[in-house]
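Trainee: The following block contains a protein sequence and its predicted model.
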Amino acid sequence: MKAKLDSQVPGWLQPGKLRWVWALWEPMAHYRRQGGNAGPIGIWNARWNTEYYERMHSEQIVAQLAELGINVVTTCFFKGFGIESGLEEMDKTAAFAELCHRYGIRVLGYMQLTTIIYETLLKEIPDLENWAMVDASGNKITYGGAYWRWLACATCDEHIEYLKRVIYKALVEAKLDGMHWDGGTYDCHCERCQQRFREYLRKKYRNASRAEIEERFGIGFLDFVRIPPASNPRDPLYRELVAFRNTVKDERLFRLHQYLKELNPEAVVATYLGSTTMERSDGYQADLIILENWDLPHVHGEGEVINRVRWSRMARVAGRMALSTSWLRDPDPDKSAQIPALNPGFGIPSPRLRRAESRAEVKLDLAEHGAYGGDVIAATWALRPGTPPDGAYFERPHIHAALSQYMRFYRDHEKLWDNAASLANVALYWSYESMSFDPKAACPALLGFEQALIWRQVPHQFLPSGQKERMGEYDVIILAGQTCLSDEEAALFEQYVNSGGGLVIAGRCGLYDQDLRQRLRGALDHLVNRKNVAYLPDVLEGIKPWGSDRKPDMNYIAHIPPCADEMVAAVRRVTRRPLPLTVKTQGYVAADLYKTRSGAIVLHLVNYENEGPPKMAEVTFHLPLNDSVQAVLYTPDDRTLSGSQLPVVEDDSGFHVIVPHLETYACLALRQ
């Protein structure tokens, strides 16, 4: 695998400067072949879909998007029907891109990396069956229940070369500004993969003795092993399989990415977070990270505030911006009953999903995109239809008003995110082995502790085990339920504590080594009595357990843990330097803090209870500011208040500023 890509992220990808909508990501052939009823997620097989589809790609719609401040869209280019089928509508996409460019809007082409639709592609590729993934029983793997959508194997060189032809047509012929890659799953058991897996193991353990291999696997040689038929984290061969598959997926993406950059270095690759991001620092990363989720923010229930903070933090681990394509899990059972439980666009059972429907929901959706470092301001739902169709969703007066209000605010205040660097001095440690192979213990613990930090206004970031050498950048590191730690990690944590860093150990951490072998004593037990270590053995009790469904990471709703105050008090107690701020307010208000290129310190405040009356927030900054510091408030919610200077009061505890009106979103800029 290449250690690094020979290309840089295009300069036009900058925090706070991208405002995006989906411009329909399926060709009409897919809607017709899929069938199903129209709804908030897609138009599917409605009789009126052709008329609606044509209008969504018209100059009238493009002009409206440009007037709102939208400057990038994603639209369909390749779904898997085939280049020669005529069903991908590539020429229509090229014409749409030309139209968008006239209005200053960049266009990404949606491209399926995995789906191969045999009903049309067999005419073009007679040996298509050799491209398809198979399960342990030799059966074709399909996309959910769509039997007509085979999935291509990631080790198939012919398929990768075919995808390069698609990329060429997109960038050179259609003149698109980049690609939005979807799919990428890899779960194949074909004989080619069996051989590649054995080759991977031979190369990895070529210098290991027979005794070392026996210690690892219980057998002395690996010449005849086969891919495990089912997931079992306790099986050492399965853990090797996970690493092998991640490596293969990275290799495929490296090859396609490098080819795209050879065609146009300024073209963007947008796709999911690299499979090895949390494991190591040299894995594949796209220019822009796609985070598909059901976490459009809202207060979902008692102690449950759905948010996308973790998704944004994960993109920041890769040094990238996030593009979150989100839908709302409807908490209203009466309204949910009208929506199908299985959304055909996802191919898997999902919660009852809908769009942002009120002005408050639209504002909160758009506010959250900007508040945590300036991710892409994404209105995923903007061009979805009503039922029956009454124009694009964003054309409804109350939706248009809120969308316009926020998109123009972002357009007019881009400097608030200019080269923004996080001022968080607290990190949640993400152990790759724990989160991957002991998720029922590790995942709810980490996400639960994160909720405590969010709703007690503690700026923080994730520190993955693949970047453990960066421990010294933080004043506090939190280990929450991270059960698997290597001897190397344990030594680094001891070194970190010896250097004065604050460590919070929540629950049982380091019970196993990196290979899930149980230790006689916990890896960090010898540190629990140190002055700058807070050991909280029982603090994780009451945290909602991890699910056993097919997509627990998407279905899980983290809630505020019962011991949230105790968790945050421990963080404040052991920190090497004070946390950068304290916020006094009521309810569900989140805060994040950044420093821009100009030196301005910008606090972002989001009120997740924005259906009610505005809140007030008293902020104390514990930062080395001077007496001349000025505080200016910016908000899309009140033009009369935005741009106003607020008083700054200094005393022995810090610099105090009162934000008098927080409806949904406010930015407080400190300049000196």
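Mentor: That came in fine, so what should we check first? Just so you know, these numbers come straight off a predicted model, no measurement behind them.

Trainee: I'd assumed E611 was in contact with G587.
Mentor: No: G587 lies out of contact with E611 (C-beta atoms under 8 Å); the separation is 11.1 Å. For glycine as for every other residue, the C-beta is placed from the backbone atoms N, C-alpha and C.

Trainee: what residue ranges in the stretch 51-200 of the chain are flagged as low confidence?
Mentor: For the stretch 51-200 of the chain, no stretch is flagged by pLDDT under 70.

Trainee: And the helices in it, which stretches?
Mentor: Taking DSSP state H, counting those that start in this stretch as the criterion, the stretch 51-200 of the chain contains helices spanning 59-68, 90-102, 118-124, 157-168, 191-204.

Trainee: in the protein, which ranges drop under the pLDDT threshold?
Mentor: Looking along the chain with the criterion set at pLDDT under 70, you get 1-7, 37-44, 332-351, 386-389, 549.

Trainee: One more pass at 50, please.
Mentor: Scanning the chain for pLDDT under 50 picks out 1-4, 335-349.

Trainee: most residues in a single helix of it, which one?
Mentor: In the chain, assigned by DSSP state H, the helix with the most residues is helix 236-263.

Trainee: and that one, what other elements does it pack with?
Mentor: helix 157-168, strand 178-182, helix 191-204, helix 210-217, strand 268-272, helix 432-437 (3 or more C-beta pairs under 8 Å, 6 or more residues apart in numbering; DSSP states H and E).

Trainee: Can you give the contact residues for the longest one?
Mentor: Taking C-beta atoms under 8 Å, 6 or more residues apart in numbering as the criterion, the residues outside helix 191-204 that touch it are 153, 155-156, 222-227, 240-241, 244, 247-248.

Trainee: Mind listing what's buried along that helix?
Mentor: C193, R196, F197, R198, Y200, L201 (16 or more other C-beta atoms under 10 Å).

Trainee: And for stretch 529-543?
Mentor: Residues of stretch 529-543 classed as buried: N532, V533, A534, Y535, L536, V539, L540, I543 (neighbour count, 16+ other C-beta under 10 Å).

Trainee: Keep only those of those residues that are in strands.
Mentor: Members of those lying in strands (criterion: DSSP state E): V533, A534, Y535, L536.

Trainee: Which one of the contacts of helix 191-204 is nearest to S644?
Mentor: T247 (53.7 Å; C-beta to C-beta).

Trainee: Report the separation between the closest one and N130.
Mentor: T247 sits 22 Å away from N130, taking C-beta to C-beta, to the nearest Å as the criterion.

Trainee: More neighbours: which of the two?
Mentor: Counting neighbours by other C-beta atoms under 10 Å for T247 and for N130 shows that T247 has the greater number, 19 against 13.

Trainee: Wait, that one touches T276, no?
Mentor: Yes: between T247 and T276 there is a contact under C-beta under 8 Å: 7.4 Å.

Trainee: Excluding chain neighbours, what is closest to C443?
Mentor: Nearest residue to C443, sequence neighbours excluded (C-beta to C-beta, 6 or more residues apart in numbering): W546, at 5.2 Å.

Trainee: How many residues are close by that neighbour?
Mentor: For W546, the neighbour count with other C-beta under 10 Å is 19.

Trainee: helix/strand/coil for it?
Mentor: At W546 the chain is in coil, as set by DSSP: H, G, I helix; E, B strand; the rest coil.

Trainee: Strands of the stretch 451-600 of the chain, residue ranges please.
Mentor: Counting by DSSP state E, counting those that start in this stretch, the segments of the stretch 451-600 of the chain that form strands are 461-464, 476-480, 502-506, 533-536, 581-584, 589-595.

Trainee: And these: which comes nearest L605?
Mentor: strand 589-595 (5.5 Å).

Trainee: partners of that closest one, with directions?
Mentor: Strand pairing for strand 589-595, using DSSP bridges, gives strand 421-422 (antiparallel), strand 601-607 (antiparallel).

Trainee: Packed most tightly, which of those would that be?
Mentor: Sort the strands paired with strand 589-595 by mean neighbour count, taking mean count of other C-beta atoms under 10 Å, and strand 601-607 sits at the top with a mean of 25.

Trainee: after that strand, next one along is what?
Mentor: Going down the chain from strand 601-607, the next helix or strand is strand 615-621, by DSSP states H and E.

Trainee: Dump the C-alpha coordinates for that following strand into CSV.
Mentor: Output in CSV follows, covering the C-alpha atoms of strand 615-621 (Å, rounded to 0.1, in the frame of the first residue of the first chain):
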residue,chain,number,x,y,z
LYS,A,615,-31.7,31.3,26.5
MET,A,616,-29.0,33.4,28.1
ALA,A,617,-25.5,32.2,28.6
GLU,A,618,-22.8,33.5,31.0
VAL,A,619,-19.4,32.6,29.6
THR,A,620,-16.1,32.7,31.5
PHE,A,621,-12.9,32.4,29.5
